[in-house]
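Colleague: quick one: sequence plus predicted model below, questions after.
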Amino acid sequence: MAFSGSQAPYLSPAIPFSGTIQGGLQDGLQITVNGTVLSSSGSRFAVNFQTGFSGNDIAFHFNPRFEDGGYVVCNTRQNGSWGPEERKMHMPLQKGMPFDLCFLVQSSDFKVMVNGSLFVQYFHRVPFHRVDTISVNGSVQLSYISFQVRLSTCTGPQGWDAGPSVAVPRPCWVDPSQSPTQPPGVRPANPAPITQTVIHTVQSAPGQMFSPMPFVTTIPGGLYPSKSIILSGTVLPSAQRFHINLCSGSHIAFHLNPRFDENAVVRNTQINNCWGSEERSLPRKMPFVRGQSFSVWILCDAHCLKVAVDGQHLFEYYHRLRNLPAINKLEVGGDIQLTHVQT
C-alpha cells in the first residue's frame, strides 16, 4: 500500500473533538482514528464526518454502542434530521482496550477497518465532497487522528481490496500517557510538523532478481513524534541477515538487524563507531521468514520508536540519540529484496 503526504495528524486531541479536514474528503483519502475505549464512563462513542462544526449535517455517523450486547450504528444526518439506521450487530471493540479505526473514502462508499480487519461498508447518502470536518465524542481517549492519501491497492485477506502492491497492515499503537488536560472544544490539537512524505517503489534492474543493496534515502524533516517509516520487501531464501538503520550524520541512531543465523532480531545504537548494548528480547517468535514477504512499520514517539512487523506490534526502542530531527537518513542492506519504502 502506498500513501502520499497529506494533512498533519491531530495528536492526543481532547474529547469532544472537532477538527478540519483540509481540502475536504476525496476519493482515496484514508483517515485513521487511534485511541482507547474508556472503561469507566459512558457506553457509546461516535466518529462523525460532517459539514461544518454544528453537527446538523453528518455524512457518516459511526457509533459503537456497548449496551444490549454491543453493536455499531451507522447513519446520516441532514438538516438536523437522522435517516434510517444501519446496524451491525457485532462489537469488535472492548471497553478499556485500544483500537485502530481506518476510514477509507471511495467514490461509492466508506469502508471501515477495525484493528486491521474490514468491518463495515457504508454507501454514501450525500455527496462526500461536502464533508470538511471530523468530530469524535463519547467515552474514548484519543492518541491521534491521521490523514493519508492512498495511491495504490493492497493485498491480503484483511486488506482493503486485491491488487498488485505489497500489503502494509496498519498496526495499533496507543500513547499510554494520561488524558490531555486541555479543555475540550474545536482546536487544532497540536498538529505535528508539516513535512513531505516520500514514496519509493523499488524496482529491480534488468536481469537482476533483487534491488541492489544497500538502499539509502533521506528522511525529509528527520524524525518527530507521529512520524512513520514503512518498508516492504521479501527475505531472500538463503538469507543470513539484513539491517535497517536510521542515521544521524555518522551515527546510527537505530539499528534493526534480523539475524537468521542466530534466530534473533538485534537492536542497537552506534555512536562514534562504537556500538552500545544490544536489545534482543521479543514478545513472540522471530517474525521474519526466509523466502517470505514482510512489512516493517516504524512509528516515532516522543520517547521511543515503536516497531511493528506485518501489522503486529513487536517492540519499543527508547531513543539513545535525542536530537530527533537530525535523524534524517535511512539505510537498508543485507539479504532482502525491497519493494516499497515510505519516508
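Modeller: It's in.
Colleague: end to end, how far does stretch 119-134 reach?
Modeller: End-to-end span of stretch 119-134 (CA to CA, to the nearest Å): 20 Å.
Colleague: ah, wrong one, I meant stretch 246-261
Modeller: 23 Å.
Colleague: then stretch 250-270?
Modeller: 9 Å.
Colleague: show me how far it is from its chain's centre.
Modeller: Averaging C-alpha positions (CA atoms, centre = their mean, to the nearest Å) puts stretch 250-270 23 Å from its chain's average.
Colleague: with stretch 316-329 instead?
Modeller: Here the centre of stretch 316-329 is set off from its chain's centre by 19 Å, with CA atoms, centre = their mean.
Colleague: which secondary structure elements does the biggest strand by length in the chain sit against?
Modeller: Taking DSSP state E as the criterion, the chain has its longest strand at strand 140-150. For strand 140-150, the packing partners by 3 or more CB pairs under 8 Å, 6 or more residues apart in numbering; DSSP states H and E come out as strand 3-4, strand 10-11, strand 17-20, strand 29-37, strand 133-138. Using the backbone N, CA and C atoms, a C-beta is placed for each residue, glycine as well.
Colleague: and the angle for the last one with strand 140-150?
Modeller: What separates the directions of strand 133-138 and strand 140-150 is an angle of 150 degrees, with axes from the mean of the first three to the mean of the last three CA atoms, to 10 degrees.
Colleague: now do strand 133-138 against strand 29-37, angle only.
Modeller: 20 degrees.
Colleague: tell me the mean pLDDT over the longest strand of the chain?
Modeller: Averaging pLDDT along strand 140-150 gives 83.
Colleague: may I have the strands that pair with it, each with its orientation?
Modeller: Using DSSP bridges, the strands paired with strand 140-150 are strand 3-4 (antiparallel), strand 10-11 (antiparallel), strand 29-37 (antiparallel).
Colleague: most neighbours per residue, which of those strands?
Modeller: Across the strands paired with strand 140-150, the average number of neighbours (mean count of other CB atoms under 10 Å) peaks for strand 10-11, which reaches a mean of 22.
Colleague: okay, now the domains of the chain?
Modeller: When the chain is parsed with automatic domain parsing, its domains come out as 7-156, 199-342.
Colleague: for the stretch 201-343 of the chain, which residues score under the pLDDT cut-off?
Modeller: Low-confidence segments of the stretch 201-343 of the chain, defined by pLDDT under 70: 201-212.
Colleague: which stretches of the stretch 201-343 of the chain form strands?
Modeller: For the stretch 201-343 of the chain, the strands defined by DSSP state E, counting those that start in this stretch occupy 215-218, 228-235, 242-248, 251-259, 264-271, 274-275, 293-300, 304-309, 312-318, 329-334, 336-342.
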